[in-house]
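Peer 1: Structure of the sequence below:
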Amino acid sequence: MRQLIILRHAKSSWDDPKLADFDRPLGPRGLKTAPLIGRELSRRGWLPDLALVSPALRTRDTWRLIAAELPKHVPAEFSEELYEAAAGAILARVRQAKAKSLLVIGHNPGLQSFTLRLAGAGSDADVFRKIEVKFPTGALARFTVKDGWANLEFGGARLTDFVRPKDLA
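Peer 2: Coordinates of the predicted model:
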């Protein structure tokens with residue numbers, strides 16, 4: 001059984017309107033919640049073997065703060081394909097992965113769409129409904145996947161969990 005964790009970057013800052021979207025840093029709330037997410041991944045034993053991360057500053061910073069809380073080193077690949085990616089592009093990138101347990105850190109609206117489209121038979125209906133309503137910054141969704149990544153299709157994974165920063169406070 002494979003594990004796929006989808007994480008929307010932690011809350012970013014909009015303080016400097018001159019910054020390009022790609023260069024926006026984490027805001028105070030994001031700086032506070034990203035380590036909490038890392039600790040929660042550790043507490044639950046949801047440890048990735050590989051992180052696929054959008055190269056935007058806010059996603060890289062989210063990963064850096066999460067990785068510091070994990071009990072083992074996890075390699076990261078910063079993937080241009082994930083920056084503001086649509087659901088299909090995220091699926092294409094996941095299909096290339098070589099790890100058993102995978103973490104993807106990216107952006108909405110693509111992540112929310114990807115998560116909802118990926119959920120198939122056996123998915124938790126309550127979790128699905130929560131994600132339909134909102135996939136906030138710093139939230140993560142967890143799937144189990146039976147087959148290898150190369151064969152993954154929309155509707156081909158079981159959505160099991162959804163954790164929001166407010167659940168960790």
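Peer 1: in this structure, what secondary structure element scores lowest on mean pLDDT?
Peer 2: Scoring the helices and strands of the chain by mean pLDDT, DSSP states H and E places helix 165-168 at the bottom, with a mean of 93.
Peer 1: Quick check: buried residues in that one?
Peer 2: Pro165 (16 or more other C-beta atoms under 10 Å). All C-beta spots, glycine's among them, are computed from the backbone N, C-alpha and C.
Peer 1: Give me the distance from that helix to the chain's centre.
Peer 2: Centroid separation between helix 165-168 and its chain, computed with C-alpha atoms, centre = their mean, to the nearest Å, is 15 Å.
Peer 1: same check, this time on stretch 135-146
Peer 2: With C-alpha atoms, centre = their mean as the basis, the mean position of stretch 135-146 lies at 6 Å from the chain mean.
Peer 1: what's the average pLDDT for it?
Peer 2: Mean pLDDT, computed over stretch 135-146, is 98.
Peer 1: Dump that stretch to PDB, keeping only the CA atoms.
Peer 2: Output of stretch 135-146 as PDB, limited to C-alpha atoms (Å, rounded to 0.1, in the frame of the first residue of the first chain):
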ATOM      1  CA  PHE A 135      -8.900  23.300   1.300                       C
ATOM      2  CA  PRO A 136      -7.300  26.000   3.400                       C
ATOM      3  CA  THR A 137      -3.600  26.900   3.500                       C
ATOM      4  CA  GLY A 138      -1.600  24.500   5.600                       C
ATOM      5  CA  ALA A 139      -4.200  21.700   5.200                       C
ATOM      6  CA  LEU A 140      -3.300  18.200   4.200                       C
ATOM      7  CA  ALA A 141      -5.200  15.400   2.700                       C
ATOM      8  CA  ARG A 142      -4.000  11.800   2.900                       C
ATOM      9  CA  PHE A 143      -4.700   8.900   0.500                       C
ATOM     10  CA  THR A 144      -3.900   5.300   0.300                       C
ATOM     11  CA  VAL A 145      -3.100   3.900  -3.100                       C
ATOM     12  CA  LYS A 146      -2.900   0.200  -4.000                       C
END
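Peer 1: what does the least confident helix or strand of the chain contact?
Peer 2: Helix 165-168 is contacted from outside by Ala10, Lys11, Arg29, Thr33, Leu36, Ile37, Glu40, Pro136, Thr137, Gly138, Ala139, using C-beta atoms under 8 Å, 6 or more residues apart in numbering.
Peer 1: Now restrict those to buried residues only.
Peer 2: Ala10, Lys11, Thr33, Leu36, Ile37, Glu40, Thr137, Gly138, Ala139.
Peer 1: who's in contact with Pro28?
Peer 2: Contacts of Pro28 by C-beta under 8 Å, 6+ apart are Ser13.
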